[in-house]
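Chemist: What follows is a predicted protein model with its sequence.
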Amino acid sequence: MRIWSLHPQYLDTKGLVALWRETLLAKQVLEGKTKGYKHHPQLTRFRQGEKPVDAIHYYLKIVWEEAGKRNYNFDKTKFIVASKPPQIPVTKGQVKYETQHLLNKLHARDYNVYLKYKDDTDIKLNPLFYLVEGSVEPWEKLSV
């Protein structure tokens, strides 16, 4: 499971669809509707926020909006957003790690999308997050 801090605009088709599915699973976990994935590290930051369930619903809304821009038909009934929840901090080190991780995936999976973003120095975050100083987040499972 990968819940990206980066804005979903950077994802290729396969990545966006995977993000949608994985975030729906994360929503089920945070709502207490599943037995598995309860302690998945990607959910740590949501649980540390003030309103974890509201935050994951808002995250889904952002993914859904990106899908709509691409004329994909993701199911809007899968999330509810009453208002924007409090933002969640993400460290500069985490964003740098995720950016490189995504570029590696794009290089292998969709070279044209890779070329589009490989030199981007102003990476946008999912609006749920805000940037703070720091290294890679402690919950991140670093790929070797």
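Modeler: Cool, got the structure. Residues are numbered from 1 along each chain as shown.
Chemist: drop to CA atoms for contacts and neighbour counts, all remaining ones
Modeler: OK.
Chemist: Give me the secondary structure label for residue 89.
Modeler: What DSSP: H, G, I helix; E, B strand; the rest coil gives for residue 89 is strand.
Chemist: Tell me if I'm right that it and residue 130 touch.
Modeler: Yes: here residue 89 reaches residue 130: they are 4.9 Å apart, a contact under CA atoms under 8 Å.
Chemist: For the protein, which segments count as strands?
Modeler: Ranges of strands within the chain are 88-91, 129-132, based on DSSP state E.
Chemist: The last one pairs with which strands, parallel or anti?
Modeler: I take that to be strand 129-132. When pairs are called by DSSP bridges, strand 129-132 turns out to pair with strand 88-91 (parallel).
Chemist: Run the chain-centre distance for the strand it pairs with.
Modeler: For strand 88-91, the separation from the chain centroid amounts to 12 Å (computed by CA atoms, centre = their mean, to the nearest Å).
Chemist: what does stretch 85-92 give?
Modeler: Distance, stretch centre to chain centre, for stretch 85-92: 12 Å (CA atoms, centre = their mean).
Chemist: average model confidence for that stretch?
Modeler: The average of the pLDDT scores along stretch 85-92 is 95.
Chemist: Please identify the deepest-packed of the strands of the chain.
Modeler: Per-residue neighbour counts averaged over each of the strands of the chain give the maximum for strand 88-91, namely a mean of 19 (mean count of other CA atoms under 10 Å).
Chemist: now for the strands of the chain, which one comes closest to residue 121?
Modeler: Taking CA to CA, strand 129-132 is the member of the strands of the chain nearest to residue 121, at 14.4 Å.
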